[in-house]
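Asker: Model the following, please.
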Amino acid sequence: MIQCQTVQEFVLNSRGMKLFTCRWLPATCEPKAMIFLCHGYAMECSISMKGTGTRLAKAGFAVYGMDYEGHGKSSGLQGYIPLFDDLVADCTAHYTRICERKKNRSKLRILLGESMGGAVALLLHRKEPTFWDAAVLVAPMCKIADDMRPSPMMINFLTKLCSVIPTWKIIPTQDIIDTAFRDPEIRTEIRSNPYCYKGRPRLQTGNQLMRASLDLEQRLQEVSLPFLLVHGEDDTVTDLSVSKLLYESASSIDKTFKLYPGMWHSLIYGELPENIDVVFSDIIAWLDDRVCSGSSRLEVEQKLRSDTYCSSRSSSRILEDKAVIS
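Answerer: As a prediction, the model looks like this:
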């Protein structure tokens, strides 16, 4: 098995804030491709995305992560998103710098976003439609599930309050830890993790999440890169119907949707261990199927985006490719 090494450091964003970054690299071989993580709301990279980074590095990929402003070990008021576009801009700046290093220019650039991070990944793609080569979207936040959304009257009232008390933690929601993470041990780990935000959503944060999800929901047809979309059938946090709509509406030719019966929202961290193994097996197989060892980025990119390659695979792409859990 490939061994991996972990590196952690801080970088400054354009607003002078310190952002925590980390990377997991194969220690004994040249990476097959680069994967850039976009974590979920209230989460972080060093603990909750560690398993993802380690698994993918051991599978031969170079993996890079960053805590957003107000998340994890990065600067900013915990759990506060003043402007969603700033999160996207910070990821663009840091991840683009990595891609443009001389040793990385020939490597494939793949986004992996979970929940709110799925929204970040899709917006990164929208900013530079031909820069990113593929994406893995884990229960992406293209719409907040109706059960998690306040009533229209409450939304209108809270929106008006944003200009007065934007940081207040008064948005009424269910406990997302209990609804998103199936494994009781992981719930305990999150509650004891000081870098995970556990209070009610702050007013401006909720407003920004709502705006970003509505924007994405209305422009799903603009998604054009190859992607794998995975979603738990019992997810009550992000809307499964919108993931199906994303799959159907995206202009991408190479697209795959896998639905996991009985699984919850957090497929790569909060599920039962045996279920996480299944999900990662599918993710790594999908990635390996698209990465040609020894080929240049241009050659692989041309293959990924070619009608010939994609049409030859279309018969195996079905809307609800249900993974069987033994």
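Asker: Below-threshold pLDDT in the protein: ranges please.
Answerer: 1, 144-150, 292-326 (pLDDT under 70).
Asker: which one in it is furthest away from the centre?
Answerer: Distance from the C-alpha centroid of the chain, by CA atoms, centre = their mean, peaks at Val164 (31.1 Å).
Asker: so that residue is in which element?
Answerer: Assigned by DSSP states H and E, Val164 falls within no helix or strand.
Asker: ok, it to Leu203 distance?
Answerer: 9 Å (CB to CB, to the nearest Å). C-beta coordinates here come from the backbone N, C-alpha and C atoms, glycine included.
Asker: cool, and Pro140?
Answerer: Distance from Pro140 to Leu203, by CB to CB: 24 Å.
Asker: who's more crowded, those two?
Answerer: Comparing Pro140 with Leu203 by other CB atoms under 10 Å, the one with more neighbours is Pro140, at 31 against 23.
Asker: wait, that one sits on Thr238?
Answerer: Yes: counting by CB atoms under 8 Å, Pro140 touches Thr238, with 6.7 Å between them.
Asker: where do the contact lists of the two overlap?
Answerer: With contacts taken as CB atoms under 8 Å, 6 or more residues apart in numbering, Pro140 and Thr238 have Ser115, Gly118 as neighbours in common.
Asker: Sketch out the strands for this structure, chain order is fine.
Answerer: Assigned by DSSP state E, the chain shows strands spanning 4-12, 18-26, 34-38, 62-66, 109-114, 134-138, 227-232, 255-260, 321-322.
Asker: Could you dump the ones you listed into TSV with distance to Gly270 and mean neighbour count added?
Answerer: Putting these into TSV (distance: least, CB to CB, whole Å; neighbours: other CB atoms under 10 Å) gives the following:
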stretch	distance to Gly270	mean neighbour count
strand 4-12	22	13
strand 18-26	20	21
strand 34-38	16	26
strand 62-66	17	26
strand 109-114	10	27
strand 134-138	11	27
strand 227-232	10	26
strand 255-260	13	21
strand 321-322	20	14
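Asker: Output these as TSV; include the columns distance to Glu100.
Answerer: Shown next, in TSV, are the strands of the chain (distance: least, CB to CB, whole Å):
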stretch	distance to Glu100
strand 4-12	15
strand 18-26	16
strand 34-38	11
strand 62-66	13
strand 109-114	10
strand 134-138	18
strand 227-232	23
strand 255-260	27
strand 321-322	35
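Asker: Which among those is found nearest to Arg290?
Answerer: strand 134-138 (6.1 Å; CB to CB).
Asker: neighbouring contacts of that closest one?
Answerer: Counting by CB under 8 Å, 6+ apart, 35, 108, 110-115, 117-118, 121-122, 125, 225-231, 243, 246, 267-268, 283, 286-287, 290, 304 sit against strand 134-138.
Asker: Any idea how far it is from the middle of the chain?
Answerer: Between the centre of strand 134-138 and the centre of its chain there are 7 Å (CA atoms, centre = their mean, to the nearest Å).
Asker: Adjacent strands (with direction) for it?
Answerer: In the sheet, strand 134-138 lines up against strand 109-114 (parallel), strand 227-232 (parallel) (DSSP bridges).
Asker: Next, the angle from the first one to strand 34-38.
Answerer: This points to strand 109-114. 30 degrees (axes from the mean of the first three to the mean of the last three CA atoms, to 10 degrees).
Asker: What of the last one?
Answerer: Computed with the same axes, to 10 degrees, the direction of strand 227-232 lies at 40 degrees from that of strand 34-38.
Asker: tilt between strand 227-232 and strand 255-260?
Answerer: 10 degrees.
Asker: Just want the most central residue of this protein.
Answerer: Gly113 (1.1 Å).
Asker: Ile170: neighbouring residues, count only.
Answerer: The number of residues packed near Ile170 is 13, by other CB under 10 Å.
Asker: Between its first and last residues, how far does stretch 51-71 reach?
Answerer: End-to-end distance of stretch 51-71 (CA to CA, to the nearest Å): 18 Å.
Asker: which parts of the lengthiest helix in the chain are buried?
Answerer: Ranked by residue count under DSSP state H, the longest helix found in the chain is helix 273-290. Judged by neighbour count (16 or more other CB atoms under 10 Å), helix 273-290 contains these buried residues: Asn275, Ile276, Val278, Val279, Phe280, Asp282, Ile283, Ile284, Trp286, Leu287, Arg290.
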